[in-house]
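**Student:** Requesting a structural model of the entry that follows:
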Amino acid sequence: VAFLSNQKEAGDKRLFIEKLNGPISVFATIVIFLILNIFIKDPEQKDQTVSVALKLAVFLGFTYLFYRLIDLGFTRLIRKNQNARSRVGLVLPLGRRMAKTALIILAFLLLLGQFGVDVSAFLVGLGVGGLAIALAAQKILENLFGGAVLSLDQPFQVGDYCRCGDILGYVEEIGI
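**Tutor:** Next comes the predicted model:
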């Protein structure tokens, strides 16, 4: 049991290093640039390009870090819930995609706000457009949520023999 625990801890450490290697490299590059910039910078320079580029690099570095932290957290949760009948294990990959998408959208909106774009008008436009798309794709969304309910409720598994209308057969795959 102790051997398996040590193996799991080593796997967690390896996963942590693997997932956060990229963001750490980005921040190390930014720090090296700042140190070199102190020695190379012309004292009479009034250009704000470097300042804006540096702020953008730090913002994108933090976005990348949070993206990888989401990936790390969900990977660990998925590993813990790998049971064949685990309801949580079925929803976690979808949750990971939704969390990453929400992060990217939030980062994009924050970036637009920093460049002077009126984000509130953009959000209102997205709301109206989203409502139009939801009404147009009502049947697709109905099937999507029906598939999610089937995944959570698990009335059948892959390999079960069942009948759907006039069709008899084995369940080969369950997905969205």
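**Student:** for the protein, what spans make up the helices?
**Tutor:** 2-40, 49-80, 87-114, 119-136, 138-153 (DSSP state H).
**Student:** can I get those in JSON lines with mean neighbour count, mean pLDDT and distance to residue 167?
**Tutor:** Yep, even glycine has a C-beta here, placed from its N, CA and C like the rest. Listed next are the helices of the chain as JSON lines, based on neighbours: other C-beta atoms under 10 Å; pLDDT from 0 to 100; distance: least, C-beta to C-beta, whole Å:
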{"stretch": "helix 2-40", "mean neighbour count": "12", "mean pLDDT": "77", "distance to residue 167": "43"}
{"stretch": "helix 49-80", "mean neighbour count": "15", "mean pLDDT": "87", "distance to residue 167": "33"}
{"stretch": "helix 87-114", "mean neighbour count": "14", "mean pLDDT": "85", "distance to residue 167": "24"}
{"stretch": "helix 119-136", "mean neighbour count": "11", "mean pLDDT": "82", "distance to residue 167": "30"}
{"stretch": "helix 138-153", "mean neighbour count": "12", "mean pLDDT": "78", "distance to residue 167": "16"}
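**Student:** who touches stretch 26-40?
**Tutor:** 50, 54, 57-58, 60-61, 64-65 (C-beta atoms under 8 Å, 6 or more residues apart in numbering).
**Student:** Can you give the distance from that stretch to the centre of its chain?
**Tutor:** 29 Å (C-alpha atoms, centre = their mean, to the nearest Å).
**Student:** gap between the two ends of stretch 134-141?
**Tutor:** For stretch 134-141, the first-to-last residue distance is 8 Å (C-alpha to C-alpha, to the nearest Å).
**Student:** In the contacts of stretch 26-40, find the pair that's most separated.
**Tutor:** Farthest pair in those (C-beta to C-beta) is 50 and 65. Separation: 22.1 Å.
**Student:** Distance of residue 13 relative to residue 76?
**Tutor:** 12 Å (C-beta to C-beta, to the nearest Å).
**Student:** for residue 106, same thing?
**Tutor:** Distance, residue 106 to residue 76, using C-beta to C-beta: 23 Å.
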